[in-house]
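Visitor: quick one, structure for this:
(one chain, ligands or ions: 1)
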Amino acid sequence: EKGGFDHFMLKEIYEQPRSIRDCMRGRIYPEEGKVQLGGIKEFVEKLKNIDRIIIVACGTSWHAGLVGEYLIEEYARIPVEVEYASEFRYRNPIITEKDVVIAISQSGETADTMAAIEMAKERGATIFGICNVAGASIPRLSHAGVYTHAGPEIGVASTKAFTAQVTVLTLMAFYMAQQKGTITQSKLISLLTELDSIPDKIQIALESNDIIKEVAAKIKDSRNCLFLGRGSGFPVALEGALKLKEISYIHAEGYPAAEMKHGPIALIDEEMPVVFIATQNSSYEKVISNIQEVKARKGKVIAIVTKGDTEVKKMADYCIEIPDADEAFLPLLATIPLQLLSYHIAVMRGCNVDQPRNLAKSVTVE
Ligand code: M6R
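Guide: A predicted model of the protein is given here:
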């Protein structure tokens with residue numbers, strides 16, 4: 001049932017070209033420049049007029065929420081707040097009937113996320129669920145929603161569920177932008193055409209597996225690891241760090257690259273691997289100066305770069321290439337090598353990749 005792979009996690013990583021395709025099926029029409037989301041259609045009028053969206057989730061799903069914040073604000077121009085469900089539920093948050101709450105959960109059974117939904121619902125908010133498991137509690141508690149259709153995820157570390165959540169949020173951002181008129185039709189056509197090719201690009205990103213394995217061998221004995229990114233590369237960094245710590249037990253932290261000088265830079269020495277999301281997008285030059293800061297302190301730099309990059313290659317100790325894509329799709333592509341990197345490190349350290357210690361696939365207690 002692992003389909004010839006050693007672990008479910010690896011199988012699920014390799015399933016992503018297909019799972020993302022399944023997630024988009026019947027939802028995008030690139031030639032027409034149209035996004036169709038049956039699950040939230042009846043709320044179109046509401047979505048055109050809302051003042052803000054609150055996203056609630058835990059763990060990896062919360063990281064997907066952060067990516068969603070970038071996309072929704074960029075394209076639909078609706079302010080978004082992303083909250084840890086566990087914090088949100090115990091505050092006295094300001095929620096009104098005008099709010100839309102998007103709850104993201106692979107399992108649809110996470111206790112804190114469910115409690116956050118219940119509280120927002122009592123205060124009159126409209127709840128959209130983004131869920132992978134059909135018929136789970138969260139879709140039942142929600143007013144409307146969109147399934148991720150990634151198929152069952154067995155590995156405790158979330159991989160294909162994350163990229164499917166990000167895909168759904170991308171679709172929602174484009175859908176809302178289209179409805180609100182904050183995107184031109186020609187831009188939407190070009191974005192959807194590119195989105196349609198993302199599964200193929202993920203396939204190409206997976207082909208770096210051998211190089212990633214070599215990098216994994218070099219850093220597998222590290223005690224710590226930093227992941228840095230800017231813009232939507234920041235949630236990718238957080239996700240890379242979470243993946244590494246949960247399956248390899250290496251202490252890892254994700255940080256916005258520019259925040260490094262406000263503290264974490266003190267940690268940098270020759271023992272510290274620093275993984276940069278250094279693809280060619282709007283923050284490329286800034287990330288390059290952050291890489292220089294790390295190199296000047298003898299840190300070991302592993303960079304996720306755009307195919308054909310030459311600048312970062314001059315400085316980084318190891319580079320892993322991903323195909324070029326519009327910035328909107330950077331999180332979908334840049335996450336792939338980070339999943340493989342943690343996987344190989346964990347295997348090399350002899351860890352139980354699919355069932356890491358102290359963790360459960362769905363966290364049904366608070
Ligand atoms: O099922 P959910 O998406 O609600 O789960 C949330 C987290 O427990 C989950 O993403 C967790 O962080 C994963 N093990 C991360 O890989």
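
Visitor: how many other residues sit next to Arg140?
Guide: A count of nearby residues for Arg140, using other C-beta atoms under 10 Å, gives 12. Bear in mind the C-beta positions are built from the backbone N, C-alpha and C, glycine included.

Visitor: need the three-state assignment for it.
Guide: With DSSP: H, G, I helix; E, B strand; the rest coil as the basis, Arg140 sits in helix.

Visitor: and Ser107, how far from His262?
Guide: 35 Å (C-beta to C-beta, to the nearest Å).

Visitor: neighbour-wise, which of these two wins?
Guide: In this view Ser107 and His262 are compared by other C-beta under 10 Å, and Ser107 has more residues nearby, 21 against 10.

Visitor: got the contact list for the closest residue to the more buried one other than its chain neighbours?
Guide: In this structure, Ser107 finds its nearest non-sequential neighbour in Ser362, 3.7 Å apart by C-beta to C-beta, 6 or more residues apart in numbering. Ser362 makes contact with Gln106, Ser107, Glu109, Thr110, according to C-beta atoms under 8 Å, 6 or more residues apart in numbering.

Visitor: the last one: neighbour count?
Guide: For Thr110, the number of neighbouring residues by other C-beta under 10 Å comes to 28.

Visitor: for the one 5 residues further on, same thing?
Guide: Number of residues near Ala115 (other C-beta under 10 Å) recorded here: 17.

Visitor: doesn't it belong to a helix?
Guide: Yes: under three-state DSSP, Ala115 sits within a helix.

Visitor: leaving out chain neighbours, which residue sits closest to it?
Guide: Closest to Ala115 by C-beta to C-beta, 6+ apart is Arg89, at 4.5 Å.

Visitor: now do Val133
Guide: Of all residues not flanking Val133 in the chain, Gly108 sits nearest, at 4.7 Å (C-beta to C-beta, 6+ apart).

Visitor: so how far is Gly129 from the one you found?
Guide: With C-beta to C-beta as the criterion, Gly108 and Gly129 are 7 Å apart.

Visitor: please apply the same query to Met9.
Guide: Distance check for Met9 against Gly129: by C-beta to C-beta, it reads 25 Å.

Visitor: which non-adjacent residue is nearest the residue nearest to the spatial centre of the chain?
Guide: Computing the C-alpha centroid of the chain and ranking residues by C-alpha atoms, centre = their mean puts Ala64 first, at 4.1 Å. The shortest distance from Ala64 to any non-neighbouring residue, by C-beta to C-beta, 6+ apart, is to Gln165 (3.8 Å).

Visitor: give the contact list for that neighbour.
Guide: By C-beta under 8 Å, 6+ apart, Gln165 lies in contact with Ser61, Ala64, Ile104, Gln106, Ile130, Asn132, Thr148.

Visitor: OK, contacts around the fourth one?
Guide: It stands for Gln106. Residues near Gln106 by C-beta under 8 Å, 6+ apart: Thr60, Ser61, Cys131, Asn132, Val133, Thr148, Ala150, Glu153, Ser158, Ala161, Gln165, Ser362.

Visitor: for the ligand, what are the nearby residues on the stretch 1-150 of the chain?
Guide: Taking C-beta under 6 Å from any ligand atom as the contact definition, the stretch 1-150 of the chain meets the ligand at Cys58, Gly59, Thr60, Ser61, Ser105, Gln106, Ser107, Thr110, Thr113.
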